[in-house]
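Enquirer: pasted the sequence and its predicted model underneath.
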Amino acid sequence: MSDDTEWSEDILNRLNVRDQYEKKDSRYFKAFSQLSQEARTNDQASNNDKSIEYNKLLKENNQLKKDNEILTTSLNQTTISLEKSDLKINQLLKSQDQLERHNTSLNNKIKHLNLEIIEKNKSVEILNDELLLNEIQTNVLNDKITRLSDENKKLVERWIEKAKSDAEKLNDANEFLESVNRK
Amino acid sequence: MQSSNELIEIKDKLWNGSINVRILMGDDNIKDPKEFLITVYRNSYFPIYFPSVITYFQKYNEKIKYMPVWLEYETVPIKWNLPIGVLYDLLHLSSIVQNREDSSWTLTLRFSDDYPTDQVIPFTYTDVDNSVNYNKSLKEVVVNQLKQSCFVINGNSKPIMNLSEKDSDELWNSIRIHNLKSFNQINKKIIPIQKKFQKLPVKIYIPGSATIIHAPIYPYSDSGEAVLLRDILEEYLPDLMSSNNETLGSIYIHGINVETIINKDIIDVWELFKHLDNFLYIIVLFSTYSTI
């Protein structure tokens, strides 16, 4: 981009230098053209023994030629301005086209994201269901744990009771044996 | 793409580029040579201005009206079928880059029975009053050149052949009166849109040499890559490039040194710098350097 701007600037500068040099004396040349044109009209008028009306027509014709030249120059300027506008319009249309394409792509993206959200919502629902199921299972398991813990506690108590009675029995046996030995 | 305003400015400068020409009447019978000063568009042709030059000089010699005239630069007859800017660059540029004091171009207007038909295309048409019709001959030549370029660009001449009579007349008139709007309108019908060009009409001239390279250029290579201006010059003028890839001469288009765009696509260069006949004219000056 900067390279393109650089070269167009360079070309424009060179054209300006060219015109500055080549059009240096243009005003004298144009003045000569105008004067020679005037002189020619006057010559034609004086050489021909025509009516005043004819001379008037010659002058008018000369003036019209000049006007025509001015109009052509102005038309060329208008055409250049028109080209500028056309180019600007084309660039704006291009930019509009790009923006429209970008907009379409963003809309598509939004559509995709919406679909993704719907899918994700479904997944969330499934996950919620699973969570609920798991909670129920946890509750059931917790109940089971409580039940088993109670059972375990009872068994431990029973086992302790049994161990206690076994120990008492063993103590009694030992006491008996000790009394026997003493005797 | 470069800034649009600059691009239009460039087109404006190219369309309105003009040079000042001092025409001396080459008549041995007149001791004090008469001169005519005129500003001419670079993008135009000399015969368009002949009628006003002749009208001015005919008061010194009536014969000039009835004999085909030609212009000479340093005794060399000028080929009127080339655009004025191209002639100026080809014949006069090398001298002005050395001595930039006088910007105007001095030419001699000749008229005699000894018309240089071996060097310059003769004018064959006359009007009812027996005066030479320069416009008709020029129109014929320019239209032929447009047909040639149209054939190169499109692969056939149909677009120009299919122009209505009104459009053909308008195209010629736009060239004659230098009307950019009409010219662009009709020329768009000849040049295909969206750069679908078969080939590009390019002419390369070397001042001081008889060499003219008239080459239809393919805008894209076989591999589909855009062809550069450098590629064209390297192909047709291998002596122009030194071993370290620098140019040994100066490349001019429309009177300016275009070395800064030597690496640009030829299609872009052609589109911007083409002349009225849709040819791109490149002038290569060897061993001359300028800042223009």
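Expert: All right, it came through fine.
Enquirer: where along the stretch 151-292 of chain B do the helices fall?
Expert: Taking DSSP state H, counting those that start in this stretch as the criterion, the stretch 151-292 of chain B carries its helices at B:158-161, B:165-177, B:180-190, B:229-236, B:266-273.
Enquirer: give the buried residues for the second one.
Expert: Of all the residues in helix B:165-177, those buried under the rule 16 or more other Cβ atoms under 10 Å in any protein chain shown are B:167-168, B:170-172, B:174-176. (C-beta placed from N, C-alpha, C; glycine too.)
Enquirer: contacts for it?
Expert: A:68, A:72, B:44-45, B:48, B:135, B:139, B:142-143, B:146, B:163, B:179-183, B:185-187, B:189, B:276 (Cβ atoms under 8 Å, 6 or more residues apart in numbering or on different chains).
Enquirer: so is the worst-scoring helix or strand of chain A on mean pLDDT next to chain B?
Expert: Across the helices and strands of chain A, mean pLDDT, DSSP states H and E gives its lowest value to helix A:26-47, namely a mean of 80. Yes: Helix A:26-47 reaches chain B (Cβ under 8 Å from any Cβ of the partner chain) through A:26, A:28-30, A:32-33, A:36, A:40, A:43.
Enquirer: give the next helix or strand downstream of that helix.
Expert: helix A:52-182 (DSSP states H and E).
Enquirer: what about that following helix, average pLDDT?
Expert: Averaged over helix A:52-182, pLDDT sits at 91.
Enquirer: do stretch B:209-224 as well
Expert: Mean predicted lDDT for stretch B:209-224 stands at 84.
Enquirer: can you show me the CA trace of it as CSV?
Expert: Only the C-alpha atoms of stretch B:209-224 are listed here, as CSV (Å, rounded to 0.1, in the frame of the first residue of the first chain):
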residue,chain,number,x,y,z
SER,B,209,18.2,4.2,-33.7
ALA,B,210,15.9,2.7,-36.4
THR,B,211,15.0,0.0,-33.9
ILE,B,212,11.2,-0.2,-33.1
ILE,B,213,10.0,-2.9,-31.0
HIS,B,214,6.3,-3.5,-31.8
ALA,B,215,5.3,-6.3,-29.5
PRO,B,216,2.1,-7.8,-28.4
ILE,B,217,2.8,-8.5,-24.7
TYR,B,218,1.1,-11.2,-22.7
PRO,B,219,0.0,-9.6,-19.4
TYR,B,220,0.4,-12.9,-17.5
SER,B,221,3.1,-15.6,-17.7
ASP,B,222,2.3,-19.3,-18.3
SER,B,223,2.4,-19.8,-14.5
GLY,B,224,-0.3,-17.1,-14.1
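Enquirer: and it, how far out from the chain's middle?
Expert: Put simply, stretch B:209-224 sits 18 Å off its chain's centre (Cα atoms, centre = their mean, to the nearest Å).
Enquirer: how is the closest residue to A:Lys30 other than its chain neighbours assigned, secondary-structure-wise?
Expert: Spatial nearest neighbour of A:Lys30, excluding adjacent residues (Cβ to Cβ, 6 or more residues apart in numbering or on different chains): B:Thr39 at 6.0 Å. Under DSSP: H, G, I helix; E, B strand; the rest coil, B:Thr39 falls in the strand class.
Enquirer: now the angle between helix A:52-182 and the least confident helix or strand of chain A, please.
Expert: Interaxial angle, helix A:26-47 versus helix A:52-182 (axes from the mean of the first three to the mean of the last three Cα atoms, to 10 degrees): 150 degrees.
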